[in-house]
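Student: Show me how the following folds:
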Amino acid sequence: MAALFVGVAPIAVQQAHFHTVDSLFLACNTAALLAVQRMLDRPSHMGLWLCGLLIGLASSVRHMGLMLLPVVALCYWLRGDWRGTWGDRLRLLVEPWPTACAACATVLILQPYLLTAPELLQRTSAGTDFYYAAQVARGELLRIWSLADYHTTSYLYHWTSLWPDAVGWPVALCFFLGVIYAAVRIERRELPLLLWAGIYFALVGGFHTKHMRYVLPLLPVLALWAAHALVALYRRFPGGLVAALIAAVVGYGALYGVAFASIYAREDARVSAARWIERHVPPGSTICVERGAFTLSGLIDDHTYSPVHLELNSFFDQQGYLTCGAVADRLERRLYGCDYIVFTDVNRLRSFTHVPDLFPAVASFYNELAAGRLGFDLVGHFKQYPSLFGVEFRDDGAEVSFLSYDHPAVFVLRRDVRLPAAIAGWRQSLLGDPHCVDPKMMGLAAHLKVGGFQQVAERISSVAQGHPDALLLQLIAAYAQEQVGLPADAALRAYRSGYYRRRFIHGVPGAAAMSFAKLDLAALSLLALDDGLKLYEANAPTYTPGERQAMAHSYVVAGDTLAARGHLAHAQHAWIKAMGVDLPVNAVVERRLRLLRAKSGIQE
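Tutor: Presented below is the predicted three-dimensional model:
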């Protein structure tokens, strides 16, 4: 029964299809657990060395395999006889050393960089680096794909959301009951399994990131306990009713597992959507797509169509430096250039809509777009559900990584004539969103425009308490405090703190300047650009050519916003600052400056 639970579990079937290391770790770790069990039943030096070898293999795949070492030592000591002499006790204490030696030697042979270049473990320059991945897993570094885990409850979420989709809810319930059954019995032969499962879940269950594949190594152990509990239940209450209940649980798990495997015999929803686009979308249409790992951008023929990225990633990197109005401005410009929009539910929608408190404008944008209330009509929806014999398992709310690899939902939307009215209505709704800081910033801006610096300095802390992520407020505080003769260093440091929260900081100064420009705070807009320029000059060698160009372009856009609001002299300064970041924008800036001077008579 346990073997069946493991063999048909969708979580195991899925991970066997992809490049993640979890299936390999599952094999090595389960083999190590088996060796530990056998060694404790029949202790021998050869058994200790074999345990170490297998633990080393598991640890070479994922370093969490080393958690088996204290399990081996503790179980070995618990079964030993400590009633002898002090020499006997000391010998018993050091007897497990072959396991530790074999494990460490195996890891160092297979991963010699741990000895020759241990500093590689601390590297965070790429998403594949160990310490970078550890920071994301622990929540110390927030990424777009980890937003969906932001408001989840550690330890509880795994039982209420992960296991029900991983194996089916009846089997997941039996898993939970099996854990209780094993913990109550506490047989010595099962002690290694209990200790290892407890240590592993204590670590993984506390992660901020809760990918389903993280619980895969627990599958064989939980399956054994569940099967043992069901058999014990039948022995305690033999009869047709209990037998039917057990058969229903096993049957449901098998049906769900085979139904899940059937999705690999059908066409991926993204391919189906791309075929539909090829048949129904007129050539030459502009199709807006997302960036990210699970988009359709690679399936749209750029010779037939004009694919354009929505650039939603920038809103994540510039969190705290954009008002809802500034976000709406940038999205509106994109939307007017889109004939069609194509996106998947798991790439950006689920992430942003899960945290409307952090990204209110982007979350609202996706909610309105998916509901067909933003001037785009849903003309295509594609999704492959696990199904067998007419039984369909609808899993739209499953954990994002469980859906994204093989069966996400795809939405195709077409622009209609309602777009201007829809955008106007959406903008109005943002003003009533309690998570948007815009209304309160408008009140502060009104005071600043009439010289009410003292009022702003007094009110800003209460506003910031209600919107702790709105770092724009800290620059307003620094500006107001400076005007009334108060120290502004703390507020300025708080404003700059978000520079290092994200990996891509080159767009932050321009985003802040655009937000201030929308509020007619032209002086603060230039202050934000100046602060960004200081940061750039201090770290210029670390900026790539693409980042420099993007930063310069954001300065140009900030200048355009200032010019559109009538702040022509400030716009000129913003454009000139753009020239200090990247030379290729010089021609663009010179053109703007000539037009501005010809129109307004502003001198150099």
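Student: Go through the helix or strand of the chain with the lowest mean pLDDT and flag the buried ones.
Tutor: The helix or strand with the lowest mean pLDDT-type score in the chain, counting by mean pLDDT, DSSP states H and E, is helix 86-94 (a mean of 73). Buried positions in helix 86-94, judged by neighbour count with 16 or more other C-beta atoms under 10 Å: residue 92. Where C-beta positions appear, they are placed from N, C-alpha and C, glycine not excepted.
Student: for that helix, the distance to its chain's centre please.
Tutor: Here helix 86-94 shows a centroid-to-chain-centroid distance of 49 Å under the convention C-alpha atoms, centre = their mean, to the nearest Å.
Student: and for the host helix or strand of residue 532, what are the contacting residues?
Tutor: Taking DSSP states H and E as the definition, one finds residue 532 inside helix 522-539. Residues external to helix 522-539 that are found in contact with it (C-beta atoms under 8 Å, 6 or more residues apart in numbering): 448, 475-476, 479, 492, 495-496, 499, 505-506, 508-510, 512-514, 516-517, 543, 548, 551, 555, 558, 562, 565, 567, 570, 573-574, 577, 580-581.
Student: Quick one: buried ones out of these?
Tutor: 448, 475-476, 479, 492, 495-496, 499, 505-506, 508-510, 512-514, 516-517, 543, 548, 551, 555, 558, 562, 565, 567, 570, 573-574, 577, 581.
Student: So which of these are in helices?
Tutor: Helix and strand membership here follows DSSP state H; of those, those in helices are 448, 475-476, 479, 492, 495-496, 508-510, 512-514, 516-517, 548, 551, 555, 558, 562, 570, 573-574, 577.
Student: pLDDT score for the closest residue to residue 322 other than its chain neighbours?
Tutor: The shortest distance from residue 322 to any non-neighbouring residue, by C-beta to C-beta, 6 or more residues apart in numbering, is to residue 511 (5.0 Å). pLDDT for residue 511: 91.
Student: now swap in residue 501 and tell me
Tutor: If you check residue 501, the pLDDT there is 66.
Student: just for the chain, where's the confidence low?
Tutor: Counting by pLDDT under 70, the chain contains low-confidence ranges at 19, 80-82, 88, 501-504, 598-604.
Student: where exactly do the strands run in it?
Tutor: Secondary structure of the chain (DSSP state E): strands at 286-289, 306-309, 340-344, 376-382, 387-388, 391-392, 410-415.
Student: just so I know, which of those lies nearest residue 27?
Tutor: With distances scored as C-beta to C-beta, the stretch of these nearest to residue 27 is strand 387-388 (27.0 Å).
Student: who does the closest one pair up with?
Tutor: Within its sheet, and counting by DSSP bridges, strand 387-388 is paired with strand 391-392 (antiparallel).
Student: Can you give the domain ranges for this protein?
Tutor: For the chain, whose domains are defined here by automatic domain parsing, the residue ranges read 2-115+146-263, 269-431, 438-600.
Student: Distance across the longest one, terminal residue to terminal residue?
Tutor: Across its full length, domain 2-115+146-263 reaches 24 Å between end residues, using C-alpha to C-alpha, to the nearest Å.
Student: ok, longest helix in this structure?
Tutor: Criterion DSSP H: the longest helix present in the chain is helix 240-261.
Student: Pull out the buried positions in that one.
Tutor: Under 16+ other C-beta under 10 Å, the buried positions of helix 240-261 are 245-246, 249-250, 252-257, 259-261.
Student: ok, back up a step: please save the CA atoms from the helix holding residue 532 in PDB.
Tutor: Only the C-alpha atoms of helix 522-539 are listed here, as PDB (Å, rounded to 0.1, in the frame of the first residue of the first chain):
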ATOM      1  CA  ALA A 522       9.200  69.000  -8.800                       C
ATOM      2  CA  ALA A 523      12.000  69.800  -6.300                       C
ATOM      3  CA  LEU A 524      11.600  66.400  -4.700                       C
ATOM      4  CA  SER A 525      11.700  64.800  -8.100                       C
ATOM      5  CA  LEU A 526      15.100  66.400  -8.800                       C
ATOM      6  CA  LEU A 527      16.300  65.500  -5.300                       C
ATOM      7  CA  ALA A 528      15.500  61.800  -6.000                       C
ATOM      8  CA  LEU A 529      17.400  62.000  -9.300                       C
ATOM      9  CA  ASP A 530      20.400  63.600  -7.600                       C
ATOM     10  CA  ASP A 531      20.400  60.900  -5.000                       C
ATOM     11  CA  GLY A 532      20.400  58.200  -7.600                       C
ATOM     12  CA  LEU A 533      23.200  59.900  -9.500                       C
ATOM     13  CA  LYS A 534      25.300  59.900  -6.400                       C
ATOM     14  CA  LEU A 535      24.700  56.200  -6.000                       C
ATOM     15  CA  TYR A 536      25.600  55.600  -9.600                       C
ATOM     16  CA  GLU A 537      28.800  57.600  -9.500                       C
ATOM     17  CA  ALA A 538      29.900  55.700  -6.400                       C
ATOM     18  CA  ASN A 539      29.200  52.300  -8.000                       C
END
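Student: Show me how far it is from its chain's centre.
Tutor: For helix 522-539, the gap between its own C-alpha mean and the chain's C-alpha mean amounts to 30 Å (C-alpha atoms, centre = their mean).
Student: dump the residue contacts of residue 157.
Tutor: residue 210.
Student: Check the spacing between it and residue 39 real quick.
Tutor: Taking C-beta to C-beta, to the nearest Å as the measure, residue 157 falls 35 Å from residue 39.
Student: Over to residue 103?
Tutor: With distances defined as C-beta to C-beta, the gap from residue 103 to residue 39 amounts to 13 Å.
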